[in-house]
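A.B. asks: Fold the following and give me the result.
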Amino acid sequence: MKEYNVAILGATGAVGTRMIDQLAKSTVPVKSLKLLASAKSAGKKLSFKGQEITVEEAVPEAFDDVDLVLASAGGAVSKKLLPEAVKRGAVCVDNTSAFRMNPDVPLVVPEVNEDALKDHKGIIANPNCSTIQMVVALAPVFRKYGLKQIIVSTYQAASGAGQSALNEFYKQTQQFLDGKNMDANILPTAGDKKHYPLAFNLLPQIDVFEDDGYSHEEWKMIHETKKIMLNDMDAKDIKVTATCVRVPVPIAHGESVYFEVEDSSATKEDIQKCIADGDGVTLQDNPSNQVYPQPINAVGNRETYVGRVRPDNENPGAFNMWVVADNLLKGAAWNTVENAERLVEHDLARVPKDYFKA
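C.D. replies: Numbers count the residues shown, from 1 in each chain. Model prediction:
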């Protein structure tokens, strides 16, 4: 069996450290592992399968002799360094937004559109965390009953904005309990003009607002869903709209999803069975016994959890459901490593001659 020289870009971050753990538990045969990060993190030591590895500075030359790159170091870093890695012969799975909407880059959730991996030109993009769990839950329904419309409201955890936002959330919680003013320097989004506390609060803004009043996070959910399911970010076959909200939960996103199917004969039981049989999905749906997915129980698990499946009594052929997943695992680190597993499994972990150039 071929073994692969792997590099993790952004290895010291919240997602990067989880990539190390998920890679250790994966089927990817690792010959060697490089851990790459910014100059200020170089020299730190992290563990992989009991072996201590020193973090190196992420520079183009660091990708020499690397076969697979798993990246989560921010969009600007990915745009700068991943084309350099591809030039050196590495296939890259990127967890940032840098390449998601590029028509030459497959946007892949293995449970949904694994075949898209065959079209890669050196870079594969991970979708947004909130998009991933929704399409995993909806994919089996889409295949069997078709989809006409999706309306999603998200309840997104603090960690979705990064480790610094999570740390600030914890600090704010203690400040509030101590009767002090809460420091707010990061959320809703670091690059915007104003910042508000998340602790004991809800923020109906994730990322900046577009001219049409939708946040960029909402824009991403709409267009990523279309690209993943229909291979066209502007497809009209499925109507998608989103409202994205940051909530005072550390890890794991929740989503309320309304969807309309093409086959109006589908019943609640049909939808439940379809979801339960889906790849990567666990159905937790017994309201009479108060069984339903909760973020606190999803933390540390790769699965996407679905419950509260019920018909919309006002709209025939429409249903509602509740979806929960660990945004740092299925929404990021695990989906990245899972893509790497499928690349290896199908002998696609090699750069084609006409590789993508940024």
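A.B. asks: Do me a favour and average the pLDDT over stretch 31-44.
C.D. replies: Mean pLDDT, stretch 31-44: 97.
A.B. asks: ditto for stretch 296-309
C.D. replies: Per-residue scores along stretch 296-309 average to 98.
A.B. asks: hey, C-alpha coordinates of that stretch in CSV?
C.D. replies: C-alpha atoms of stretch 296-309 as CSV (Å, rounded to 0.1, in the frame of the first residue of the first chain):
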residue,chain,number,x,y,z
ILE,A,296,-23.7,19.3,24.0
ASN,A,297,-24.1,15.7,23.0
ALA,A,298,-22.7,16.1,19.5
VAL,A,299,-19.3,17.5,20.6
GLY,A,300,-16.4,15.2,19.7
ASN,A,301,-18.5,13.1,17.3
ARG,A,302,-18.2,12.8,13.5
GLU,A,303,-21.9,12.2,12.9
THR,A,304,-24.6,14.6,11.8
TYR,A,305,-27.7,14.2,14.1
VAL,A,306,-31.3,14.8,13.0
GLY,A,307,-34.5,14.9,15.0
ARG,A,308,-37.9,16.7,15.3
VAL,A,309,-38.8,15.5,11.8
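A.B. asks: Tell me the buried residues in that stretch?
C.D. replies: 298-299, 301-309 (16 or more other Cβ atoms under 10 Å). For the C-beta atoms, the positions are set from N, CA and C on the backbone; glycine is no exception.
A.B. asks: and the gap between residue 126 and residue 96?
C.D. replies: For residue 126, the distance to residue 96 (Cβ to Cβ, to the nearest Å) stands at 8 Å.
A.B. asks: do the same with residue 192
C.D. replies: Going from residue 192 to residue 96 by Cβ to Cβ gives 19 Å.
A.B. asks: Look at those two and report which has more neighbours.
C.D. replies: Between residue 192 and residue 96, counted using other Cβ atoms under 10 Å, the more crowded position is residue 96 (23 against 12).
A.B. asks: secondary structure element for the more buried one?
C.D. replies: Assigned by DSSP states H and E, residue 96 belongs to no helix or strand.
A.B. asks: pretty sure it is in contact with residue 81, am I right?
C.D. replies: No - Residue 96 lies out of contact with residue 81 (Cβ atoms under 8 Å); the separation is 10.9 Å.
A.B. asks: tell me, what's touching the two both at once?
C.D. replies: By Cβ atoms under 8 Å, 6 or more residues apart in numbering, residue 96 and residue 81 have these common neighbours: 71, 73.
A.B. asks: sec struct for residue 167, please.
C.D. replies: Assigned state for residue 167: helix (three-state reduction, DSSP: H, G, I helix; E, B strand; the rest coil).
A.B. asks: So it versus residue 76, what's the distance?
C.D. replies: Residue 167 sits 22 Å away from residue 76, going by Cβ to Cβ.
A.B. asks: Please say which of those two ends up with more neighbours.
C.D. replies: residue 167 (14 against 10).
A.B. asks: Could you give the average pLDDT over the strand or helix carrying residue 340?
C.D. replies: Assigning secondary structure by DSSP H and E places residue 340 in helix 334-345. Mean per-residue pLDDT for helix 334-345: 98.
A.B. asks: Give the buried residues for it.
C.D. replies: 334-344.
A.B. asks: with those in mind, which one is nearest to residue 136?
C.D. replies: Nearest to residue 136 out of the buried residues of helix 334-345 is residue 335 (Cβ to Cβ; 9.0 Å).
A.B. asks: need the contact list for the closest one.
C.D. replies: With contact taken as Cβ under 8 Å, 6+ apart, residue 335 is in contact with 95, 109-110, 126-127, 132.
A.B. asks: now, the most widely separated pair of the residues you listed?
C.D. replies: Largest separation among the contacts of residue 335 by Cβ to Cβ: 95 and 110, giving 14.0 Å.
A.B. asks: which one of these two has more residues nearby?
C.D. replies: The neighbour count for residue 95 versus residue 110, taken as other Cβ under 10 Å, is higher for residue 95 (29 against 21).
A.B. asks: Let me have the contacts of residue 335 in TSV, extended by distance to residue 282.
C.D. replies: Below are the contacts of residue 335 laid out as TSV (distance: Cβ to Cβ, whole Å):
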residue	distance to residue 282
95	23
109	16
110	16
126	21
127	20
132	15
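A.B. asks: which one of those residues is nearest residue 55?
C.D. replies: residue 95 (17.7 Å).
A.B. asks: measure the closest residue in space to that closest one that isn't next to it in sequence to residue 223 for me?
C.D. replies: Nearest non-adjacent residue to residue 95, counting by Cβ to Cβ, 6 or more residues apart in numbering: residue 72, 3.9 Å away. The gap separating residue 72 from residue 223 is 21 Å, by Cβ to Cβ.
A.B. asks: So for those two, which sits in the more crowded spot?
C.D. replies: Comparing residue 72 with residue 223 by neighbour count (other Cβ under 10 Å), the higher total belongs to residue 72, at 26 against 20.
A.B. asks: so who does the more buried one touch?
C.D. replies: 9-10, 13, 15-16, 19, 94-96, 332-333, 336.
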